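Enquirer: Here is a sequence with its predicted model. Questions after.
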Amino acid sequence: MTAASYSAIIVGTGFASSFFLLEYLRHSDPSARVLVLERGGRTDPAAILQRRDSFDLRFDDMIVNRTPQKPWIQNIAFGGGSCWTGNTPRMHPNDFRTKSLYGVGVDWLLSYDELEPYYARTELAMGIAGGEAGPFRRSAPYPYPAHALNAFDKALARKYPGLHIAFPSARSSSVKTGRPVFCGSGVCSVCPVSSKFQVNLHLTELYADPRVTLLLQAEVERVETEGGRVTGVQYRRGGREQRARGDVVAVGAHAIMTPFILLRSGLNDRALGRYLNEQMSSDVQVDLDGIDNYGGGQSVTGLGAMFIDGAFRRDRAGCLVESWNVPWLRAERGRWRQRALLKLVFEDIPSFDNRVGIASEDGSKPEIHYPAVSSYMQAGLDSVKALVEELLRGLPVEGFRILPSEGSLGGEAHIQGTTRMGKDPDDSVVDRDLRHHRHRNLLVLGSGTFPTCPAANPTLTLSALSMRAAERLFA
Amino acid sequence: MGIRRRRFLMLGAGTAVGVVATLGLSRGFRGNPSAVIVAILERRLGYLQIDRGSLDRFAADYIDTRKRFSRELSLMSLFALPYRYVTPHPWLKRGHALRRLEDNVVSRYLLSTDFFENGANETRPVAYVEFHDPYSIACRNPFVPRPSVDGAPQAAAAPRT
């Protein structure tokens, strides 16, 4: 049987693939045909709430984890990262130039200012709530007003003007987004009222476009190549192996499955699957003195940029400070709300040795090696006590406690780096337009293309990169 | 004389604990986990105007969400009566499981009532509204600003007086 032909084949339906599709369709004529293949299925919101998690398929069963002390969290379903909580900070402008500025990591092939217009367009599409720009310079205001800061945030904002700001987020602050306003449930990964922007709920019209054929429960096994170009994909659905041909193939199956698919396809880039990384964090519980907290307008109210950037980055990882607003009460009479929770999220320098490969005992699964975080990040984690002391100095605080990490390497579920962008094909997989160095009609989407591990949550950046990559196809 | 008396009391307490623990570890033992929860609340929130029925309802709801700890809570129920009056909480390290249990019970109870909607006013009777579980019942956070009719955020509801 002859394989069906498409203008483009997109693998995955997460944020990277969906924002690529959004921009691709904007430029395509009515005759375009796009095939979208998603391994997962549609999630049942009621079942998710009952289970208290958004994971329909157990990701642990899909991988061989050679270093089980490091867990990996990933959602395989229509809409992809629906388990996200909705935080949408931009990367710091200097995150794009850490090699030039501080001699660490590598410089991105794009600057902040080159990506900025796509940040703005992505924020508009997601309906992001935000206020003061802080160090993240902007060409336009946020599309929707910022959520209210809580009392502790206000104290931090007074101490750090311009560096402690309302956390930009996809949690709705206005009915004009078309979504309910955030109401304080505080379980954002399974948002019970659909206030948070989600692909599976709020981009359904995109997938209903007559030019799009969406196939769920379709597992792409490999991309097919011929004469230096990709010609299509081979996938399995309903127990049958099937093929589709495409002029362009874009793979956005996240930073573990994407390199796995490409490795199974016979691509042998030296950096493919390498430089696997994600941020690590440290939680800090703060007892306040006379401040009644928790009156902010969303689950994570404050973004502290005071420790993201500076000369210290020559020696240790920078971090972003999240100020949480979920009512974990202080169980003391009359002081119920006099507590705050901070999360310090640290960047890393990706290591070539942390990698995704094909499991030797089961070629249908990726294997993951992640023996350790870098000494650079560890130096950052070791500085938490000093950073928090500095952060809280002069504020009405009784004390703080760094919460234990429960014995695992943890992680932020922001998996990155395995299909990194770069100039040198010997040490990268894609170029600045997310095109594969050798197969020029193959695009690789998502946070796997990040050449560094910035402290910022990656969803906004990877979505902006996808929009840019789709636009560049038609340039 | 004081030291001998203290030793005698400790010996007695230790014997009692041993007897009770033996009973508890015996097969077929069925304690009353709710008794522990009620004991914690009566001790920690005894200064509030709370009716006993409200505590029992909350305790039942709380136990229902903690089925995987039912054995431990059943064992603890053997000590529910003394637990109503004494607790090791002040001497335990922060993060200790027992300390976290007590704090969680107290916090969860207050969030399940109208206490914070009434501005944490200790002179007002406290009514149990519904078990605080954001996965089951959305939008019951008493501290978050409420959206107005047109959707713009406004301050949290002013406490009723």
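Expert: Arrived safely, thanks for sending.

Enquirer: What's the separation between A:R137 and A:A305?
Expert: 12 Å (CB to CB, to the nearest Å). Every C-beta, even on glycine, is put in place using the N, C-alpha and C of the backbone.

Enquirer: okay, these two: which has more neighbours?
Expert: The residue with more neighbours, out of A:R137 and A:A305, is A:A305; 22 against 11, by other CB atoms under 10 Å in any protein chain shown.

Enquirer: Poorly predicted segments of chain B, please.
Expert: Residues of chain B meeting the criterion pLDDT under 70: B:1-30, B:147-161.

Enquirer: Write out the residues of it neighbouring chain A.
Expert: Contact residues, chain B versus chain A (CB under 8 Å from any CB of the partner chain): B:44, B:47, B:94-95, B:102-104, B:106-107, B:110-111, B:116, B:120, B:134-136, B:138-147, B:150-153, B:156.

Enquirer: Give me the secondary structure label for the residue nearest the centre of chain B.
Expert: Centroid-nearest residue in chain B, with CA atoms, centre = their mean: B:V105, separated by 3.3 Å. B:V105 carries the three-state label helix when classified by DSSP: H, G, I helix; E, B strand; the rest coil.

Enquirer: The one 5 residues further on too?
Expert: What three-state DSSP gives for B:L110 is helix.

Enquirer: And the one 10 residues further on, by the same measure?
Expert: Here B:A120 takes the coil state, with states given by three-state DSSP.

Enquirer: Skipping its backbone neighbours, what lies nearest it in space?
Expert: Spatial nearest neighbour of B:A120, chain neighbours left out: A:W336 (6.5 Å); criterion: CB to CB, 6 or more residues apart in numbering or on different chains.

Enquirer: ok, residue 123 - how many residues close by?
Expert: No chain in the question, so chain A it is. Count around A:E123 with other CB under 10 Å applied: 25.

Enquirer: um, chain B though
Expert: Neighbours around B:T123, by other CB under 10 Å: 8.

Enquirer: which secondary structure element contains it?
Expert: Here B:T123, judged by DSSP states H and E, is contained in no helix and no strand.

Enquirer: show me the contacts for the closest residue to it other than its chain neighbours.
Expert: With CB to CB, 6+ apart as the measure, B:Q49 is the residue that lies nearest to B:T123, at 7.8 Å, once sequence neighbours are left out. Taking CB atoms under 8 Å, 6 or more residues apart in numbering or on different chains as the criterion, B:Q49 is in contact with B:123-126.

Enquirer: for B:Q49, which residues make a bridge with it?
Expert: Beta bridges link B:Q49 to B:P125, judged by DSSP bridges.

Enquirer: Can you tell me how far it is from A:L149?
Expert: Per CB to CB, B:Q49 is found 34 Å from A:L149.

Enquirer: Check the gap between A:L329 and chain B for me.
Expert: The spacing between A:L329 and chain B, counted by CB to the nearest CB, to the nearest Å, is 4 Å.

Enquirer: count of neighbours near that residue?
Expert: A:L329: 21 surrounding residues under other CB under 10 Å.

Enquirer: for the closest residue to it other than its chain neighbours, what are its contacts?
Expert: Using CB to CB, 6+ apart and skipping the chain neighbours, the partner closest in space to A:L329 is B:S107 (4.0 Å). By CB under 8 Å, 6+ apart, the contact set of B:S107 is A:328-329, A:331, A:336.

Enquirer: hang on, A:A77 packs against A:G40?
Expert: Yes: using CB atoms under 8 Å as the test, A:A77 is close enough to A:G40 to be in contact (3.7 Å).

Enquirer: ok but A:V249 is inside a strand, no?
Expert: Yes: membership of A:V249 in a strand is supported by three-state DSSP.

Enquirer: Okay, and the beta partners of it?
Expert: In this structure, A:V249 bridges to A:I9, A:L442 when assessed by DSSP bridges.

Enquirer: quick one: it and A:D289, what's the gap?
Expert: A:V249 is 58 Å from A:D289, by CB to CB.

Enquirer: Report how many residues lie close to A:A140.
Expert: Per other CB under 10 Å, the neighbour tally for A:A140 reads 12.

Enquirer: Specify the local secondary structure of it.
Expert: Assigned by three-state DSSP, the conformation of A:A140 is coil.

Enquirer: The closest residue to it other than its chain neighbours: which element?
Expert: Nearest residue to A:A140 in three dimensions, chain neighbours excluded: A:A120, at 5.3 Å (CB to CB, 6+ apart). Assessed by DSSP H and E, A:A120 sits inside helix A:112-126.

Enquirer: Phi first, then psi, for the spatially closest residue to A:G186 that is not a sequence neighbour.
Expert: Counting by CB to CB, 6+ apart, the nearest residue to A:G186 once its immediate chain neighbours are dropped is A:V326, at 3.9 Å. A:V326 adopts backbone torsions of phi -80, psi 130, taken as degrees, to the nearest 10.

Enquirer: State the distance from the closest residue in space to A:V248 that isn't next to it in sequence to chain B.
Expert: Spatial nearest neighbour of A:V248, excluding adjacent residues (CB to CB, 6+ apart): A:A8 at 4.4 Å. Distance, A:A8 to chain B, using CB to the nearest CB: 37 Å.

Enquirer: tally of neighbours for A:A8?
Expert: 25.

Enquirer: now A:E205
Expert: Using other CB under 10 Å, A:E205 has 7 neighbouring residues.

Enquirer: got the residues of the stretch 151-300 of chain A near chain B?
Expert: A:173-176, A:181-187, A:190, A:192-193, A:294-297.

Enquirer: May I see the buried residues of the lowest-mean-pLDDT helix or strand in chain A?
Expert: Here the helix or strand of chain A ranked lowest by mean pLDDT, DSSP states H and E is helix A:45-51, holding a mean of 77. Within helix A:45-51, the residues that count as buried by 16 or more other CB atoms under 10 Å in any protein chain shown are A:45, A:48-49.

Enquirer: from those residues, which is closest to chain B?
Expert: Closest to chain B out of the buried residues of helix A:45-51 is A:L49 (5.4 Å), distances taken as CB to the nearest CB.

Enquirer: pretty sure that closest one is touching A:V190, no?
Expert: Yes: in this structure, A:L49 is within contact of A:V190 by CB under 8 Å, at 5.8 Å.

Enquirer: what touches both of these two?
Expert: B:Y135.

Enquirer: right, and the secondary structure at B:L73 would be what?
Expert: Applying three-state DSSP: B:L73 is helix.

Enquirer: Which residue is the nearest non-sequential neighbour of it?
Expert: B:P33 (3.5 Å).

Enquirer: try A:G399
Expert: Spatial nearest neighbour of A:G399, chain neighbours left out: A:D287 (5.3 Å); criterion: CB to CB, 6+ apart.

Enquirer: Next: A:D382.
Expert: In space, and not counting its chain neighbours, A:D382 is closest to A:R316: 7.9 Å by CB to CB, 6+ apart.

Enquirer: who touches the one you found in this structure?
Expert: Here A:R316 is in contact with A:376, A:379-380, A:382-383 (criterion: CB under 8 Å, 6+ apart).
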